[in-house]
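Participant: got a sequence here, can you model it:
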Amino acid sequence: MAGRLTKVARSLIEANRSPGMKALDLRGSADLLCVNMMCEKVGEPCICRLSRVLEANGSELRSLNLSGNKLTQLPGSVFELPHLQVLDLSGNMLQEIPEDVLKLQSLKVLDVTNNPLKGVPKRVARAFYGATEIRWDGSK
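Facilitator: Numbering: from 1, shown residues only. Down below sits the predicted model:
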């Protein structure tokens, strides 16, 4: 089996210029800090720009790494990625896994370690049992 190299976008600017991108790695990225001076979240983690990029160029995305960004929520566009197989949300500030994650029919790995999660919803655990690896450390 021949290995395939996948170009990984490592910034929102690069992702914006990469229609059909397969991987987006925004691990600990300053790109996810709000820079809109009119926004109440200026200087804090923000999902607005990420959402726009995913809506425009995320249709072929297979891997999305948002680890280490102190995100408290995810944009709905994350759950509209039909080919997403790996979603790394580790090291954020998520308190729950939205049930919208069930829309990700191709998901193989969901990493939510190092988040103050209250738990994994039973419906999510049941639906993904045996098909998706959920990495959760029970941290609070």
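Participant: which SSE is Ser51 in?
Facilitator: Taking DSSP states H and E as the definition, one finds Ser51 inside helix 48-57.
Participant: mind listing what's buried in that helix?
Facilitator: Of the residues in helix 48-57, those buried by neighbour count under the rule 16 or more other CB atoms under 10 Å are 49-51, 53-54, 57. Every residue, glycine included, has its C-beta placed from N, CA and C.
Participant: same deal with stretch 21-32?
Facilitator: Buried residues in stretch 21-32, counted by 16+ other CB under 10 Å: 21-26, 29, 31-32.
Participant: kindly report the same for stretch 115-124.
Facilitator: Within stretch 115-124, judged by 16+ other CB under 10 Å, the buried ones are 115, 117, 120-121, 124.
Participant: and the end-to-end length of that stretch?
Facilitator: For stretch 115-124, the first-to-last residue distance is 17 Å (CA to CA, to the nearest Å).
Participant: any residues touching it, and which ones?
Facilitator: Applying CB atoms under 8 Å, 6 or more residues apart in numbering, the contact partners of stretch 115-124 are 89-97, 99, 101-102, 112, 134, 136, 138-140.
Participant: for Gly76, list the residues it contacts.
Facilitator: Gly76 makes contacts with 51, 100, as judged by CB under 8 Å, 6+ apart.
Participant: got CSV for the buried residues of helix 48-57, with pLDDT too?
Facilitator: Conversion of the buried residues of helix 48-57 to CSV gives the following (pLDDT from 0 to 100):
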residue, pLDDT
Arg49, 89
Leu50, 94
Ser51, 94
Val53, 95
Leu54, 97
Asn57, 95
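Participant: and which of the residues you listed is nearest to Met38?
Facilitator: Lowest distance from Met38 to the buried residues of helix 48-57 (CB to CB) belongs to Arg49, with 14.2 Å.
Participant: kind regards, and thank you for your time.
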